[in-house]
Structure formats: C-alpha cells, structure tokens
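Chemist: give me a model of this one.
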Amino acid sequence: MDGNKPSPARQSVQTASGRISYTEQGTGPVALFVHGVLLNGYLWRHQLGDLADIRRCLAVDLWRMAIPKSRPNRTYPSRPMRRCSRNFSMF
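Modeler: A predicted model of the protein is given here:
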C-alpha cells in the first residue's frame, strides 16, 4: 500500500443477522468485497488501498471467519450466510 494513503478503518454494524465487522476505505461508489470460507476481509487489503481513490471499499468479515462476535457453538449453513451478506449490504 502507498504510504500516503490512509489506513482502512475497522468498524462493525448490528444487522438482523448479528454484529458484522468490516473494513472501510475510500470514497465514491461502493465496492463490496466478500471473502470465502476460512478467510476474512484482510484478504482484500491491497485492493482496498489501490481502489480507495475511486471507490468506497467495504471488506466484510463473515461469521466465524474472523473478528465478528457470533453465538458460540453454532454452525452456519449457506442460507443464513447469504442472509447475513444481504443484511450487511442494506446498511
């Protein structure tokens, strides 16, 4: 990342699916970055930095993949994961 660019801001938002952490950087039209299984939003760190001049980049951390606080001992099948992503995109 360019040393002159500001660091991404880690935040969280309460959704109908629970609290979701995300990283935000830049301004402009939104670009939403969603990771796969066994990864987290850190995957997109270089893209956020490179696109921050032209996009408001949001890299979401989905359940049990990184920082979000979720209910212990719960499994998360794909349908609720899709709902979680949809709820985040509406914020």
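Chemist: low-confidence bits of this structure, can you list those?
Modeler: In the predicted model, the chain carries pLDDT under 70 at residues 1-6, 63-91.
Chemist: run the last query once more with 50
Modeler: For the chain, the stretches with pLDDT under 50 are 1, 65-69, 76-77.
Chemist: for it, which segments count as strands?
Modeler: All strands of the chain, identified by DSSP state E, fall at 9-15, 18-25, 30-34, 56-61.
Chemist: among those strands, show me which one is buried the most.
Modeler: Of all the strands of the chain, strand 56-61 has the most neighbours on average by mean count of other CB atoms under 10 Å, namely a mean of 22. Glycine gets a C-beta too; all of them are placed from N, C-alpha and C.
Chemist: can you tell me how far Ala9 sits from Glu24?
Modeler: 5 Å (CB to CB, to the nearest Å).
Chemist: can you check Val34 too?
Modeler: Val34 sits 14 Å away from Glu24, going by CB to CB.
Chemist: what ranges do the helices span in the protein?
Modeler: 45-51, 78-90 (DSSP state H).
Chemist: distance of Glu24 from Val37?
Modeler: 23 Å.
Chemist: count of residues packed around the closest residue in space to Pro29 that isn't next to it in sequence?
Modeler: Leaving aside its chain neighbours, Pro29 sits nearest to Arg55 (5.9 Å; criterion: CB to CB, 6 or more residues apart in numbering). For Arg55, the count of nearby residues is 18 (other CB atoms under 10 Å).
Chemist: how close does Arg55 get to Arg19?
Modeler: For Arg55, the distance to Arg19 - CB to CB - is 24 Å.
Chemist: what's the answer for Gly36, then?
Modeler: On the measure of CB to CB, Gly36 and Arg19 end up 21 Å apart.
Chemist: let's have the strands of the chain in JSON lines, adding distance to Gly41.
Modeler: Shown next, in JSON lines, are these (distance: least, CB to CB, whole Å):
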{"stretch": "strand 9-15", "distance to Gly41": "9"}
{"stretch": "strand 18-25", "distance to Gly41": "5"}
{"stretch": "strand 30-34", "distance to Gly41": "7"}
{"stretch": "strand 56-61", "distance to Gly41": "4"}
